[in-house]
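# Make a model of this:
(one chain, ligands or ions: 1)
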Amino acid sequence: MSLLKISQLTKSYATPEGSRQTVVDVPQFDLAAGEQVAVRGRSGTGKTTFLHLIAGILEPDSGSIHVGETEVTALSESGRDRWRAAHLGYIFQTFNLLQGFTAFENVLLGTAFGGRRPFPEKATAMLERVDLAARRDYRPRQLSTGQQQRVAIARALVNRPPLVLADEPTGNLDPHHAAEALGLIRSVCSETGSALLLVSHDEAVLNAFPRIVDFATLNQAGTPASEVR
Ligand SMILES: Nc1ncnc2c1ncn2[C@@H]1O[C@H](COP(=O)(O)OP(=O)(O)OP(=O)(O)O)[C@@H](O)[C@H]1O
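Residues are numbered from 1 along each chain as shown. Below is the predicted model:
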């Protein structure tokens, strides 16, 4: 059964020259519940824009995105914010941790949304799962890059979201820590039953996945050759 269902999705941006450039034109894309898929694609071809559309961070020009029973593209901005907090995990290349908060507080914030009380016991269990119980009171700057990404993984997965999006999650890590973070993301997603859609340039990362999608075959929006690296 499809968890994520995308149909006729388009997104354009205004260019500095005053025209519009279509960056995403995805006629169709499906992801099954619990499925793990890697997306390969060149820089500047719209992968981050695609993930931001799925997350409801951006609004498309046209088309629809369903995640489970929810039509994300039919929600208001505040509705999308509430839906995202409750139902989606997002892992960034740059971790995006709150610098003024400890590892534990960063994960705890992931459990509290829409006026719901936080769940300290869930945050504690997830920090233990990513092997950071001993660092719970450290702030992000006091953690190594690999540890920071493990906090971000814990934050993204603490609610057991049905869908996890990961945008180059190993891009700032050395090969050893990249492999460790990737293994952790994939195994925690399996444990929580979360589907995973992960974007990467890294062949070692891509090859770990049972299904690899080439973004160029998914996305019909042409990117000017001069912009593709
Ligand atoms: N807010 C914006 N306004 C105008 N153009 C934008 C905006 N955001 C992105 N773009 C353009 O859209 C294109 C796709 O950007 P996007 O970040 O989605 O690509 P990407 O495939 O994720 O790239 P990378 O792999 O380098 O992160 C780029 O040409 C970029 O310049």
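# show me the contacts for the spatially most central residue of the chain.
Centroid check for the chain by CA atoms, centre = their mean gives residue 165 as the closest residue, at 2.3 Å. Residues in contact with residue 165 (CB atoms under 8 Å, 6 or more residues apart in numbering) are 51, 54-55, 88-91, 197-198. (C-beta placed from N, C-alpha, C; glycine too.)
# at 10 Å instead, please
4, 39, 50-52, 54-55, 57, 84, 88-92, 156, 195-199 (CB atoms under 10 Å, 6 or more residues apart in numbering).
# quick one, longest helix in the protein?
Secondary structure of the chain per DSSP state H: the longest helix is helix 175-192.
# following that helix, which helix or strand comes up?
strand 195-200 (DSSP states H and E).
# now that following strand, how far from the chain's geometric center?
Centre-to-centre, strand 195-200 and its host chain are 7 Å apart (CA atoms, centre = their mean, to the nearest Å).
# which residues sit against the next helix or strand after it?
Using DSSP H and E, the helix or strand that follows strand 195-200 in sequence is helix 203-206. Here helix 203-206 makes contact (CB under 10 Å, 6+ apart) with 38-40, 166, 168-171, 175, 178-179, 181-182, 185, 198-200, 212-214.
# Report the buried residues of helix 203-206.
Going by neighbour count (16 or more other CB atoms under 10 Å), the buried part of helix 203-206 is 205-206.
# just stretch 144-155 next, same as before
146-155.
# again, but for stretch 85-93
Here stretch 85-93 shows 85, 87-93 as buried, counting by 16+ other CB under 10 Å.
# And for the residue lying closest to residue 104 once chain neighbours are set aside, the neighbour number?
Spatial nearest neighbour of residue 104, excluding adjacent residues (CB to CB, 6 or more residues apart in numbering): residue 136 at 4.1 Å. Applying other CB atoms under 10 Å, we find 17 other residues in the vicinity of residue 136.
# Give me every residue in this protein lying close to the ligand.
13, 23, 41, 43-49, 227 (CB under 6 Å from any ligand atom).
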